[in-house]
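Novice: Mind looking at a prediction? Sequence and model below.
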Amino acid sequence: MLETIKCGARTCEPMHRFNCPESTIRSLKKNKEALTDSVNVFSRFSSNRTFSDNSQRNLLLVITKHYLHKWVERRHREQGGLCGPQIRHQACVYYAAVVQKKHVNSPPSFNASVVWLAAFKKRCEVKFAHYHGESASADVITAEKYLPVFKALVKEGAYCRDQIFNCEETGIFWKRSPRTTFIAKDEKQARGIKTSKDRITVIFTANASGDFLMKPPIVNRAARPRAYHHAAAPCLLEV
């Protein structure tokens, strides 16, 4: 409809074409420049909000949501953790920056409430997740750059798969009790116990062909435990 009005059409033409009253066409002609600017902004910053809400607050929130979504994606690529208060704080920062850039003298209030955060996560498909393993801390770029160097070393030394070993460490809470148990049917719940945090580090080593597994060495918390403080080192049993 705006394109038809901008082409210089008479009032009766868009009235019959779009089946709208004459007052609407005259209002569009009067505010066509402001409406065109709003449409350009909405088309640039994609959002699920409807174009019927062309208020100043909605326009500022659409731009804020666009920059905030880009920031969340960048933090995810940089393997940085995020929480709800951080996203809400950053939304207020972006909102203030957008207000200053648009030269809004009396901007509408915006405090990035919990309700707004829930709507933002739903619109941008952002969800809460737990970390699994240590894959996020791995330097993938450096590992890919090392592949040609590793292949050159293997080729230069004429190593076979039986001579190439890989080791990986892991922690074992060897005194941790099970999290589940069996109780009588008439009991409501099982009484909780304090979980022990005694931990040892075990190193697993194997070759590339998989036919040779080394005995895993154990690294304890101390080289000489307090219980064996007065014992001679040769008298201690080797694990």
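Specialist: Here it is on my side, so go on.
Novice: Only C-alpha atoms from now on, for both contacts and neighbour counts.
Specialist: OK.
Novice: Quick check: the gap between the residue positioned nearest the centre of the chain and residue 70.
Specialist: The chain has residue 76 as the residue nearest its centroid, 4.2 Å off, counting by CA atoms, centre = their mean. Plainly put, residue 76 is 10 Å away from residue 70 if you go by CA to CA, to the nearest Å.
Novice: Kindly report the same for residue 159.
Specialist: Residue 159 sits 47 Å away from residue 70, taking CA to CA as the criterion.
Novice: and the residue nearest to the centre of the chain, what element?
Specialist: According to DSSP states H and E, residue 76 maps onto helix 56-77.
Novice: Tell me, domain by domain, which residues of this protein belong where.
Specialist: Here the domain parsing of the chain from automatic domain parsing is 50-124, 137-176+195-235.
Novice: Single out the most deeply packed of those domains.
Specialist: Ranked by mean neighbour count, the domains of the chain are led by domain 50-124 with a mean of 14 (mean count of other CA atoms under 10 Å).
Novice: for the record, mean pLDDT for that domain?
Specialist: Averaging pLDDT along domain 50-124 gives 82.
Novice: quick thing: my sequence starts at 16, can you match it?
Specialist: Yep, numbering from 16; the last one is domain 65-139 now.
Novice: For the residue nearest to residue 184 when sequence neighbours are not counted, which three-state class applies?
Specialist: Closest residue in space to residue 184, ignoring its immediate chain neighbours: residue 218 at 4.3 Å, by CA to CA, 6 or more residues apart in numbering. Three-state call for residue 218 (DSSP: H, G, I helix; E, B strand; the rest coil): strand.
Novice: Now do the same contact list for residue 218.
Specialist: Going by CA atoms under 8 Å, 6 or more residues apart in numbering, residue 218 touches 182, 183, 184, 185, 231, 232, 233.
Novice: Now do the contacts for the closest residue to the last one other than its chain neighbours.
Specialist: Using CA to CA, 6+ apart and skipping residues adjacent in sequence, the residue nearest residue 233 is residue 217, 4.7 Å away. Contact criterion CA under 8 Å, 6+ apart gives 184, 185, 186, 187, 231, 232, 233, 234 as the residues in contact with residue 217.
Novice: If we use 10 Å, what do you get?
Specialist: Going by CA atoms under 10 Å, 6 or more residues apart in numbering, residue 217 touches 183, 184, 185, 186, 187, 231, 232, 233, 234, 235.
Novice: Just to be sure, the first one is in a strand?
Specialist: In this case it means residue 183. Yes. According to three-state DSSP, residue 183 belongs to a strand.
Novice: Correct me if wrong: it contacts residue 219.
Specialist: Yes. Counting by CA atoms under 10 Å, residue 183 does reach residue 219; the two are 5.4 Å apart.
Novice: what residues do those two have in common as contacts?
Specialist: residue 231.
Novice: picking that back up, what's the following helix or strand after the helix holding residue 91?
Specialist: Counting by DSSP H and E, the next helix or strand C-terminal to helix 71-92 is helix 99-116.
Novice: now the angle from that following helix to helix 71-92?
Specialist: Inter-element angle recorded for helix 99-116 and helix 71-92: 130 degrees (by axes from the mean of the first three to the mean of the last three CA atoms, to 10 degrees).
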